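Participant: Sequence and computational prediction follow.
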Amino acid sequence: ARAVFPPAMDGEGAGERLLAGEDTRSDGVRMDGSTPRRSLDVQNTMTTPLADDGEAKEGIDVSLLQPKAEGPSKLTTVAPYILVTETCERLAYYGFAGSLVLLFQSRLGFNNSDAVVQYNVWSGACYVTPLLGGYLADTYLGRYRTIILFCLVYLGGLIMVVLGVIPGATAVPLVFAAMYTVALGTGGIKANVSTMGADQFDPSSERDLRDRDSFFSWFYGSVNVGA
């Protein structure tokens, strides 16, 4: 067995230092009284044809020291799905919220003050449910599954409200159930979609750090497009 040593720091020789086992005693001291240089445990070595005579020499795999090649930018391959999800959610939310007071007045028979009160209670619920969405994502489901689940809940609430206001068959209890189902759905998405986007970028990569900053600019733009 051979031990590979680093080059001497005092200028004596260069390259690899090889220590033969018969040159030392059991106590680690050479026969000439000198103390051998401590061996360096080099891992990840490979046999590479470096010599001109065709013989292979042992050396360190320098490819392990080179920067890892980066693939396609996540800003163009992953982020668009998140941005589209946010745009659709905001479009559904503001489209529903903007017509809610009118719905109370024209289809459910509420006066203006009662309609505004019901709207404000529902709007407040939409900003409380993100606590539940964030808790489920961090503790049980993860962000991806939580977003998928609450998107389905959201869609179910929108379908329920359509069924509840069918002309000639208006169902007030179904409309209220649909309202708070939508509030639950938006809470699960609101708490996780932006952080899930940030999670796609590697903080150790300079390009990902730049792309992450750009992502939040695009994310804010998608919110405004949906609104």
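Facilitator: Perfect, I can see it now. Residues are numbered from 1 along each chain as shown.

Participant: For this protein, which segments are assigned as helices?
Facilitator: Assigned by DSSP state H, the chain shows helices spanning 74-77, 79-98, 100-106, 112-126, 129-136, 143-164, 172-190, 193-199, 206-226.

Participant: Just name the most buried of these.
Facilitator: helix 172-190 (a mean of 21; mean count of other CB atoms under 10 Å). Bear in mind the C-beta positions are built from the backbone N, C-alpha and C, glycine included.

Participant: quick check: mean pLDDT across that one?
Facilitator: Averaging pLDDT along helix 172-190 yields 96.

Participant: Put the alpha carbons of that helix into PDB.
Facilitator: C-alpha atoms of helix 172-190 as PDB (Å, rounded to 0.1, in the frame of the first residue of the first chain):
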ATOM      1  CA  VAL A 172     -79.400  30.800   0.700                       C
ATOM      2  CA  PRO A 173     -77.800  28.100   2.900                       C
ATOM      3  CA  LEU A 174     -76.000  26.700  -0.200                       C
ATOM      4  CA  VAL A 175     -74.700  30.100  -1.100                       C
ATOM      5  CA  PHE A 176     -73.300  30.700   2.400                       C
ATOM      6  CA  ALA A 177     -71.700  27.300   2.400                       C
ATOM      7  CA  ALA A 178     -70.200  28.100  -1.000                       C
ATOM      8  CA  MET A 179     -68.900  31.400   0.200                       C
ATOM      9  CA  TYR A 180     -66.900  29.900   3.100                       C
ATOM     10  CA  THR A 181     -65.700  27.000   1.000                       C
ATOM     11  CA  VAL A 182     -64.200  29.600  -1.300                       C
ATOM     12  CA  ALA A 183     -62.700  31.300   1.800                       C
ATOM     13  CA  LEU A 184     -61.100  28.000   2.800                       C
ATOM     14  CA  GLY A 185     -59.800  27.400  -0.600                       C
ATOM     15  CA  THR A 186     -58.200  30.800  -1.000                       C
ATOM     16  CA  GLY A 187     -56.500  30.400   2.400                       C
ATOM     17  CA  GLY A 188     -54.700  27.300   1.400                       C
ATOM     18  CA  ILE A 189     -53.400  28.800  -1.800                       C
ATOM     19  CA  LYS A 190     -52.600  32.300  -0.400                       C
END
